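Student: Everything below, folded, please.
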Amino acid sequence: MDEKTVLKRLKENSVAPKGSLYAGDDAAFLKDLNGTYITTDTVVENVHFYRNIFSNYDLAYRAIGTALSDLAAMGAVPKYILVALGLPTDFKISGFLKEIAEVAKNFNVVSVGGDISNSTHIFVNVTCIGVDASASDLKLLHQKRSKHGKDNPNKSDNFNLRSALKPGQLIFATGQCGLSHKGFEIAKILHESDNPQVLADIFRTHVKDQGSGSDSKQIAVNESQQNIPISKADRDDLRFKKSCMLVKGAARYMTRFEKDSLNRYLRPEPRLKEGILIRAAGATAMTDISDSLAISLNDFAYDSQMGIAIEALPLTHELTIDQTLYGGEDYELLFSIDEDKVDNLLSLFGRNNLRAPIYIGRSDAKSRAVRMGSRTIKSRGYGHKFK
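Tutor: Below you'll find the model as predicted:
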């Protein structure tokens, strides 16, 4: 039984009161609790992260960031978190608790409790509680008020659900997909070798095949695999100042693209501001890209009973088509919006100094599949399996 089947069973066994949402989307919405959003997420040692790669700060950032991403996908504002820990007896907890507090402050949320237990492996579960964006939140984000001066476009009867894709809509992502998977590949090399010098040996001495799966077109050679010098600025990348010594040492052998990828894997960035603005601009369907871009697109198609035509898959010469489609844990937002609302959306992003979203394609009411030209894109990516 896969993860989605388990979640489907949970949904079948719960009936939400009118106006509320339970299992099935990125977060639950509880109308009877004054319109509260709630979600939970867990990171587990040797499943989501390796202990010799992650510092306390990186682990706290990943655990909190991935959980908050579910609220971003609902266009909600996070307020509080609860943290439950499973830790081995030799784990030094005091430093980790300080990093949890620092990361929570960074995301402007308050830790209000949790639980702790001994465990053979580390796990961190974070529960997030959020609310609809208020008028003051939107004012801070430069959102124009409606002509009536009172309406809040982020009100709780205007949900962004995976099932809300409509005919003729355009589909965007807030950023490049595939980077986190590339970062995971780098982290796995470091984990298995426990030696930062190994990256120089692998990336600087030979060129790997960058073929794009079933496509015959050759992708340009990754500059990180050429014998090129690393600048002092790249060697001294301060993003890894709070990372473990293994990562700090390896960063000296990486190009900027490699470090961008590793940073994306170590510290997923929830697109909280983007989620609020996307919802305010009138987007309908929205989800965070946690398992893969292909899975998220297929979730839209399945839940909305509609097809999707990929027209402009974002590619860089460092990533293949398959890495872009099927690499998981990017935590960008995927959303759909009417074409006549795109200009306002882009204006909102521009006024808030946010990178413009990337156009992916459009909905297809005559189909039920996700297609890229003649190729059907299956729902494949990261997933858990159970008996």
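Student: L325 against T376, yeah?
Tutor: No - when contacts are counted by C-beta atoms under 8 Å, L325 is not listed as touching T376 (11.7 Å). From N, CA and C alone the C-beta is placed, and that goes for glycine too.
Student: Which one's more surrounded, these two?
Tutor: L325 (26 against 10; other C-beta atoms under 10 Å).
Student: list the contacts for the spatially most central residue of the chain?
Tutor: Nearest to the centroid of the C-alpha atoms of the chain, with distances taken as C-alpha atoms, centre = their mean, sits Y331, at 0.6 Å. Shown in contact with Y331 (C-beta atoms under 8 Å, 6 or more residues apart in numbering): 65-66, 69, 180, 268-271, 288-290.
Student: Any chance of the residues you listed in a markdown table with distance to G86 and pLDDT as columns?
Tutor: Below are these laid out as a markdown table (distance: C-beta to C-beta, whole Å; pLDDT from 0 to 100):
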| residue | distance to G86 | pLDDT |
| --- | --- | --- |
| G65 | 19 | 97 |
| T66 | 17 | 97 |
| S69 | 22 | 97 |
| S180 | 24 | 94 |
| P268 | 21 | 95 |
| E269 | 25 | 96 |
| P270 | 23 | 97 |
| R271 | 28 | 97 |
| D288 | 24 | 95 |
| I289 | 27 | 95 |
| S290 | 21 | 92 |
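Student: which residues are contacting stretch 87-103?
Tutor: Residues contacting stretch 87-103 (C-beta under 8 Å, 6+ apart): 55-57, 59-61, 64-65, 83, 85, 111, 116-122.
Student: That stretch: how far from the chain's middle?
Tutor: 24 Å (C-alpha atoms, centre = their mean, to the nearest Å).
Student: what does stretch 357-365 contact?
Tutor: 165-176, 274, 278, 297, 304, 306-314, 334-336, 345-346, 349, 371.
Student: mind listing the strands for this structure?
Tutor: Using DSSP state E, the strands of the chain run over 28-30, 36-44, 76-87, 110-118, 123-132, 170-173, 211-212, 215-218, 286-288, 307-310, 333-337, 358-364, 370-372, 375-376.
Student: closest to L319 out of the ones you listed?
Tutor: With C-beta to C-beta as the criterion, L319 lies closest to strand 211-212 of those, at 9.2 Å.
Student: Rounded mean pLDDT for the closest one, please.
Tutor: Mean pLDDT, strand 211-212: 38.
Student: Report the angle between the longest helix anywhere in the chain and strand 333-337.
Tutor: Identified as the longest helix of the chain according to DSSP state H is helix 56-72. For helix 56-72 against strand 333-337, the angle by axes from the mean of the first three to the mean of the last three C-alpha atoms, to 10 degrees is 20 degrees.
Student: And helix 56-72, what does it pack against?
Tutor: strand 36-44, strand 76-87, helix 93-106, strand 123-132, helix 256-266, helix 272-280, strand 286-288 (3 or more C-beta pairs under 8 Å, 6 or more residues apart in numbering; DSSP states H and E).
Student: Kindly recompute the last result at 7 Å.
Tutor: If you count contacts as 3 or more C-beta pairs under 7 Å, 6 or more residues apart in numbering; DSSP states H and E, helix 56-72 packs onto strand 36-44, strand 76-87, helix 93-106, strand 123-132, helix 272-280, strand 286-288.
Student: Out of the ones you listed, the one nearest R264 is which?
Tutor: Evaluated over those, closeness to R264 peaks at strand 286-288, with 13.6 Å, by C-beta to C-beta.
Student: re earlier: only whichever of the contacts of stretch 357-365 are buried, select them in ChimeraX.
Tutor: Remark: buried members of those, expressed as a ChimeraX selection using 16 or more other C-beta atoms under 10 Å:
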select :165,169,170,171,172,173,174,175,176,274,278,297,304,306,307,308,309,310,313,334,335,336,345,349,371
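Student: just to revisit the earlier point, mean pLDDT for the strands of the chain: which is lowest?
Tutor: Across the strands of the chain, the lowest-scoring stretch is strand 215-218, with a mean of 30.
Student: Distance of Y326 relative to A135?
Tutor: Distance, Y326 to A135, using C-beta to C-beta, to the nearest Å: 41 Å.
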